[in-house]
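1. the following block contains a protein sequence and its predicted model.
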Amino acid sequence: MTRIVHWASVFINLVSIIGASAQANDKPNLVVVYTDEHNYRTIGAYRELLSKEHAELWGDGVVVDTPNLDRLAHEGSIFTSMYTVAPLCTPSRASFMTGLYPKATGAWLNHNAMDPEMTTWAKILRQKKGYHTGYSGKWHLNGDEKPGFDSGKSFGFTEHKWQYNRGHWKFFEDDPVNGPQAYEWTEASEAKFKDTMEQNYATDFLMDRGIEIIDNALEQDLPFAVVISIPDPHSPNIVRPPYDTIYDHYDYKVPFTGKVALKKTPALPGWSAMNIDITDAQNTISQLENDEFRHRYFTMIYGMVKLIDDNVGKLLDHLEEKGVDQNTIVVFTSDHGDQLGEHAKHNKGRPYETSAGVPMILRWPNGVEKGKVINTAYSSIDFAPTILSMMGVQDPGVDFHGIDGSEEIMAPITDKNTSLKTQTRFITDSAKSQWATAVRDDYKLTLSSTEPWLFDLSTDPHEIYNVYGDSNYTSIVEEMTEELYETMFQHRFPLAEAQVAYFSKPACWDSRNQISAWKKRECNELTDPRFSPGCQWRKIYEQCPVACNRCCEDSPGQILVNGALRTCGTVSDLCSIGKVRNFCPATCDACLAKISDFGSETTVGGGGMEQDDDA
């Protein structure tokens, strides 16, 4: 009996060794968990890399516990400068799947259908490497179809029964008569699934269907590449019990950047501007922090993130149980971010870090060393060429717009466990043609139809202060402007088609900030006769030279007009365009009066306005 047990033990160990060896030598599997509108600060692994001030923006200790996503990051790589190519659902998803900029895919606006001839990385893996491919969840690339099951367009996915086009449904079921069904959260659907929410709620249901695709591949002894696209934590902000109350005890504060924006100290950039009554800013902040709807809004978002994390844990456990965890690349990312009140805005659509920045965590025990922090800037168009290279596809047959980052990801970890290369990636406003952005790990340049902005992300991670025009950044501005100009025209960014965009800071430009010497007043108020006498004070007219008619100087740089860069010496025939007149007031004879017409500086309002908080 002892000998039998001994040989049984040897046999079991041998099988384990052979199994581990086979797993190591087989084609790597791939699972992508793809959420919708996800602020990376809600993930613990990202907060670990931030100061407390930047990690806990909504209050001291007001955080979501995400042990499974944290585990994924600790056992793999986490990207600190990963950006969507466009902070909008459809164009972002199209670029992620194809490695091309949005205009090339046909899906550059929300609800646009992707060109059916597009080649996805899933199709390449299926055709060139024999992968069993599958997709479970939101797709948003088949036009207006809603929910849009069984579109007839596979885009390279073998299994796509539970791929739906669009809509933020909260429950799913496989009806024996009508097939896949999706439900919004209503009283009727809540009652229908009251006892089966753990099976039918969207996040749980779609994760389970993704796991089934994995099992189907394993049963056929095939490598798999699966996308599990979860519609949360995008609105509507409601989640199943008990996740709907886990974070109800928190007191959700207005983020620091939101308070600054509401007070205009400093003000938001033109590409994110909003009508704000700065005289009532403090009251607005108090109302927001005591608003029950806003409290519920955050409670539900936190709960959705917690449920996503628990389902990631379920996925990781399943891969381990099946013995394929070591040779499976698990990726967690999102289509775009959600500002969650940062800079006084919610949702996406702007180049801010938590709008255009997305979480990106990648684990592959057999191929990537654990604990690696990648600070290099990457974009969603880089995913396709990178993942295909990591999975051994040498000739994908597609001329990708993105870059292959596999070498950096798979390189051995240095002593500091971090990796950083200087490279510039690009972000476009697909919806309104208002801006285009070039970004590196430490700098972000945004050009638009208003003044240019440069953030120094190393000294100003809150993205508050514009250092464009500071002589310390001249070379950075020149380099990034040239890169952005080339890219936006080569790949048809909407800003390239705008009538006017400023490629240099106008020489005559009013600050958007609250007037530093006249509290709770703004430059645009100085055209009102009640406040215009303020223009006689130097500190005011220096901050508001246009409103005070103290500047009639052509700008020394360039302005983009109808697709061509021009200087003030070449725009005399374009002075009918308002922004051209603003940029070249002397050439366009747009000054209201001569500066010399102003009298000497006088005191306004009787006393020292700089010290008068009520002025």
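-> Received the coordinates, thanks.
2. isn't residue 384 right up against residue 121?
-> Yes. Residue 384 lies in contact with residue 121 (CB atoms under 8 Å); the separation is 4.3 Å. C-beta: built from backbone N, CA, C; applies to glycine.
3. so what sits against both of these two?
-> 97-99, 396 (CB atoms under 8 Å, 6 or more residues apart in numbering).
4. just send these back as CSV, with secondary structure and pLDDT too.
-> Converted to CSV, these look like this (DSSP: H, G, I helix; E, B strand; the rest coil; pLDDT from 0 to 100):
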residue, secondary structure, pLDDT
97, helix, 98
98, helix, 98
99, coil, 98
396, coil, 95
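5. between those residues, which has the most around it?
-> Tallying neighbours with other CB atoms under 10 Å puts residue 99 at the head of the shared contacts of residue 384 and residue 121, with 31 neighbours.
6. the closest residue in space to that residue that isn't next to it in sequence: which element?
-> Of all residues not flanking residue 99 in the chain, residue 384 sits nearest, at 3.1 Å (CB to CB, 6 or more residues apart in numbering). Here residue 384, judged by DSSP states H and E, is contained in helix 383-390.
7. so for that helix, what's the average pLDDT?
-> For helix 383-390, mean pLDDT rounds to 98.
8. with stretch 350-370 instead?
-> Regarding stretch 350-370, the rounded mean pLDDT is 97.
9. now it, how far from the centre of its chain.
-> For stretch 350-370, the separation from the chain centroid amounts to 11 Å (computed by CA atoms, centre = their mean, to the nearest Å).
10. send the alpha carbons of it over as PDB?
-> In PDB, the C-alpha atoms belonging to stretch 350-370 read as follows (Å, rounded to 0.1, in the frame of the first residue of the first chain):
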ATOM      1  CA  ARG A 350     -12.300  66.700 -21.700                       C
ATOM      2  CA  PRO A 351      -8.500  66.100 -21.700                       C
ATOM      3  CA  TYR A 352      -8.200  66.100 -17.900                       C
ATOM      4  CA  GLU A 353      -6.500  63.100 -16.300                       C
ATOM      5  CA  THR A 354      -9.700  61.500 -14.900                       C
ATOM      6  CA  SER A 355     -11.600  62.100 -18.100                       C
ATOM      7  CA  ALA A 356      -9.100  61.100 -20.800                       C
ATOM      8  CA  GLY A 357      -7.000  59.000 -18.500                       C
ATOM      9  CA  VAL A 358      -8.000  55.400 -17.900                       C
ATOM     10  CA  PRO A 359      -7.000  52.600 -15.600                       C
ATOM     11  CA  MET A 360      -4.700  50.000 -17.300                       C
ATOM     12  CA  ILE A 361      -3.600  47.000 -15.300                       C
ATOM     13  CA  LEU A 362      -2.000  43.900 -17.000                       C
ATOM     14  CA  ARG A 363      -1.000  40.600 -15.500                       C
ATOM     15  CA  TRP A 364       0.800  37.700 -17.200                       C
ATOM     16  CA  PRO A 365       2.800  35.600 -14.800                       C
ATOM     17  CA  ASN A 366       4.600  33.700 -17.500                       C
ATOM     18  CA  GLY A 367       5.600  36.800 -19.400                       C
ATOM     19  CA  VAL A 368       5.600  40.000 -17.300                       C
ATOM     20  CA  GLU A 369       7.400  40.400 -14.000                       C
ATOM     21  CA  LYS A 370       5.100  41.400 -11.100                       C
END
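11. good, we can wrap up now.
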